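K.L.:
Predicted structure and sequence below. I'll ask about it afterward.
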Amino acid sequence: MRNRAWLFVLGNSFAWLLAGLILCGGLAPANEPCRNADLPKLLEFADGSPVRDLSDWRRRKEEIRRLMCETFIGTFPRSVPAILRAETLEEHPGRNGAVRRRIKLTFDTKRDASFEIWVWVPGGKGPFPVLLVAPIHYQLGWAEMALERGYIACLFPGIDSHHKQAEYPGYESVWLTFQAEYPEATWTEISLKGWLASRALDYLLDPKYGYPVAKGQVGIIGHSRYGKQAIIAAAFDGRITSVVARSSGTPASCPYRFASRTTFAEAPADFPDTWFLQSLHAYTGREHELPIDAHGWLALIAPRRCLLDTAHQDGCDPTFAVERAYLEGKKVYRLLGCPEKLRVGYRRGGHNPITEEHRRRNIDWLDLSFGRGSAKQSDFPEEFIHRFDWQTWKARLTPEDVRVPFVSPRASDRLADRRERILWALGQAPAKIDWDGKYTFLSAEESARMDHDRWSIPNTARLPVSFGANVRGNVYYNPDVGDRPAPVVIWLHPYSYQSGYNEGYGVQETTVYHRLARAGFVVLAYDQCGFGLRLLEGRDFYRHYPKWSRLGRMIYDVHAAVDFLVDGKGAVQGKMPKVRKDEVYVLGYSLGGMVGLYATALDKRIAGVASFDGFTPLRTDSDAKYTGGNRRLWQWHALQPLLGLFDGQEGEIPYDFDDVLAMIAPRPCLIYSSRRDRHADFEDIVACVGRAQQAWPQGKHASKLTHVAPDDISRFQKDQQLTFGNWVQTSGDGLIAPKPPQTIKSRGNIP
């Protein structure tokens with residue numbers, strides 16, 4: 001740590017950092033209510049009693065309906081207003097006998113509130129199915145395709161208040177008129193606009209207006225915020241018999257429990273103020289306390305058809321969260337005898353764009369729903385990315401493969417014993433990883449999809465690199481540093497299946513890799529196995545390496561990253577900045593914090609590690625804990641299957657994180673554990689770090705194990721990033737001059 005020529009942005013957080021530093025002890029536990037990390041069971045009443053039959057289900061459905069209103073969208077008016085007048089304002093002929101009409105509907109409210117819709121009717125006698133669409137420009141392609149296939153397309157005033165469409169004036173604001181008409185209702189913008197879709201449907205289904213609508217054939221479709229709107233409209237209007245929710249995110253296709261800050265996805269605090277109830281914001285960081293989650297919409301839609309259309313790298317719609325909702329929602333569909341009517345549809349790419357092929361597949365789902373065209377159920381097979389069958393995995397192995405080779409569950413103080421136990425639990429690494437031996441780099445299109453440069457700031461540059469078994473990533477650095485060697489940080493991301501190493505929601509000014517690069521670090525960032533652009537690598541991992549573990553592969557990649565930084569083993573698309581080979585640090589958050597600890601314990605070349613909310617002790621993390629228990633590791637995320645051998649016997653696990661920490665000593669190690677981290681038991685962490693403290697020699701190295709314990713939720717934003725830089729500064733004997741922080745704005749808005 002000597003003779004540094006680099007700078008770090010200290011800001012104003014250094015004083016509170018020093019005040020918050022403790023050495024493993026004397027911390028009072030946070031006093032918070034405990035809830036379930038998994039989704040509330042749809043086939044179980046709030047009081048814990050099971051749903052046994054259809055009669056029970058009808059009561060449970062009403063309970064879910066009430067909870068969804070209380071938690072997310074508020075209440076609706078007690079009555080539905082009648083249509084007083086329907087006026088045709090203009091009419092235009094179209095192709096093949098089609099006609100397009102602009103209609104003004106006036107309703108029996110206190111002030112005779114009205115709104116306009118467009119109705120596109122195909123040529124012919126019908127009857128025709130109906131498709132409801134909010135006419136923002138990128139959704140009009142669905143309406144056009146539906147019209148060509150013989151649908152009545154209804155464009156209702158569901159345009160978001162943050163959007164405007166010149167061809168449809170007032171479609172973004174008429175909801176305020178109806179909100180004023182019903183002051184007793186506590187509904188929100190998205191639910192109110194779903195209600196407006198239903199009022200447009202009142203008009204289309206009324207025989208006196210003469211539309212030849214096919215009985216029971218009404219669909220609704222929406223993308224992103226309009227996907228939320230579509231799924232909520234369908235949940236509360238049983239006349240809508242099929243819904244396509246494309247990339248609808250939280251809280252629609254994605255439950256908050258598996259999104260939010262710890263996955264760099266949307267948290268309750270992130271939605272615009274009018275979309276959902278303001279009370280929902282308070283659940284940020286305590287999502288496990290929600291009495292119901294987004295999967296409740298699926299329960300309300302069942303047994304009608306519902307397609308959750310999501311992309312592999314959709315920053316708004318993490319695949320893991322969507323799948324968890326689907327699996328729970330499927331139980332309701334199975335109870336009602338129609339499991340095939342609920343599907344997750346995966347597509348390659350990101351949140352945008354909506355291509356012609358995407359539109360075709362979405363309308364195919366509606367055709368299938370209504371028994372039209374050539375669409376078949378087999379066109380929408382059940383597909384999983386994250387479901388891991390532990391029993392099937394175990395059956396592929398021999399008894400010797402799963403034999404626990406240790407007599408005692410406790411490790412001795414010998415590093416060799418600790419190392420052996422950890423390596424056993426990580427599984428048997430293969431002699432060779434499947435790879436053709438050629439290095440490739442991230443393309444410009446891939447980097448744009450992952451938003452790597454979205455939050456870029458002055459004085460940073462990005463350099464594509466490849467290392468290990470063709471792990472593709474980027475090096476970020478400050479070109480103004482010149483030829484002076486700089487310290488290195490390997491950045492390890494959390495459970496961000498959708499975005500990999502890129503930060504999505506919750507970014508404050510800029511991302512960690514740009515912030516650190518500007519401050520003078522060289523930062524290596526890449527997607528870990530099963531995340532981001534390597535998503536499907538995780539899906540297929542155990543088919544290729546049944547005896548290994550995904551956690552083992554992640555640690556392997558960190559070692560390969562060190563090989564690249566220290567020994568140059570890999571490839572660079574340009575000139576690599578000079579680095580200090582004796583100052584390679586690992587920084588990780590959540591999942592990345594855990595991977596970083598293991599990697600540092602097993603690789604002495606790493607100078608130090610900072611783990612932010614990276615672990616909770618294994619032996620005390622049972623299914624009964626609000627954390628979700630070790631099941632998160634061996635089943636939900638399929639990271640370390642051998643831990644499943646100790647299900648219900650966690651005290652017999654052959655090692656724990658105090659052993660991992662002890663192997664890091666005497667190198668600098670920062671443990672940052674938020675007292676209100678819903679994925680960890682704070683008291684257990686304090687005890688664990690206290691045990692590990694004994695491995696650090698007293699005197700000169702006594703301060704090298706640092707525990708910071710803020711009274712905060714788990715998050716990794718500006719303050720946490722500055723904490724890391726301040727810790728690196730104080731962990732050695734160098735002195736760094738502060739560089740004033742600079743306020744940076746994003747180059748775009750999260751969709």
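P.N.:
Cool, got the structure.
K.L.:
The nearest residue to H137 once chain neighbours are set aside: what's it in contact with?
P.N.:
The spatial neighbour of H137 that comes closest, neighbours along the chain excluded (Cβ to Cβ, 6 or more residues apart in numbering), is Q165 at 6.3 Å. Placement of C-beta: from N, CA and C, glycine included. Counting by Cβ atoms under 8 Å, 6 or more residues apart in numbering, Q165 makes contact with P135, I136, H137, I159, Y171, E172.
K.L.:
cool, S191 as well?
P.N.:
F72, I73, G74, F76, I232, F236.
K.L.:
Now the two most distant members of those.
P.N.:
Across these, the longest distance by Cβ to Cβ is 12.7 Å; it joins F72 and F76.
K.L.:
Could you check which of these two has the larger neighbour count?
P.N.:
Set F72 next to F76 and count neighbours by other Cβ atoms under 10 Å: F72 wins out with 27 against 18.
K.L.:
And the pLDDT for that one?
P.N.:
With respect to pLDDT, F72 scores 98.
K.L.:
and it, which of the three is it?
P.N.:
helix (DSSP: H, G, I helix; E, B strand; the rest coil).
K.L.:
Leaving out the residues flanking it, which one is nearest to it?
P.N.:
Excluding its sequence neighbours, the residue lying closest to F72 (Cβ to Cβ, 6+ apart) is F276, at 5.3 Å.
K.L.:
And D237, by the same measure?
P.N.:
S198 is the one closest to D237 (Cβ to Cβ, 6+ apart), at 4.6 Å.
K.L.:
Past the helix or strand the one you found falls within, which element shows up next along the chain?
P.N.:
Secondary structure from DSSP states H and E places S198 in helix 189-205. Next helix or strand after helix 189-205 toward the C-terminus (DSSP H and E): strand 213-223.
K.L.:
CA atoms only: put the helix or strand that that next one is followed by into PDB for me.
P.N.:
Per DSSP H and E, the first helix or strand lying C-terminal to strand 213-223 is helix 225-236. The C-alpha trace of helix 225-236 is given here as PDB (Å, rounded to 0.1, in the frame of the first residue of the first chain):
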ATOM      1  CA  ARG A 225     -45.500  -0.100 -17.400                       C
ATOM      2  CA  TYR A 226     -48.400  -1.000 -19.800                       C
ATOM      3  CA  GLY A 227     -47.700  -4.600 -18.900                       C
ATOM      4  CA  LYS A 228     -48.400  -3.800 -15.300                       C
ATOM      5  CA  GLN A 229     -51.600  -2.000 -16.400                       C
ATOM      6  CA  ALA A 230     -52.700  -5.000 -18.500                       C
ATOM      7  CA  ILE A 231     -52.100  -7.600 -15.800                       C
ATOM      8  CA  ILE A 232     -54.000  -5.500 -13.200                       C
ATOM      9  CA  ALA A 233     -56.900  -4.800 -15.600                       C
ATOM     10  CA  ALA A 234     -57.200  -8.600 -16.200                       C
ATOM     11  CA  ALA A 235     -57.000  -9.400 -12.500                       C
ATOM     12  CA  PHE A 236     -60.100  -7.300 -11.800                       C
END
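K.L.:
how about helix 225-236: buried residues?
P.N.:
R225, Y226, G227, K228, Q229, A230, I231, I232, A233, A234, A235, F236 (16 or more other Cβ atoms under 10 Å).
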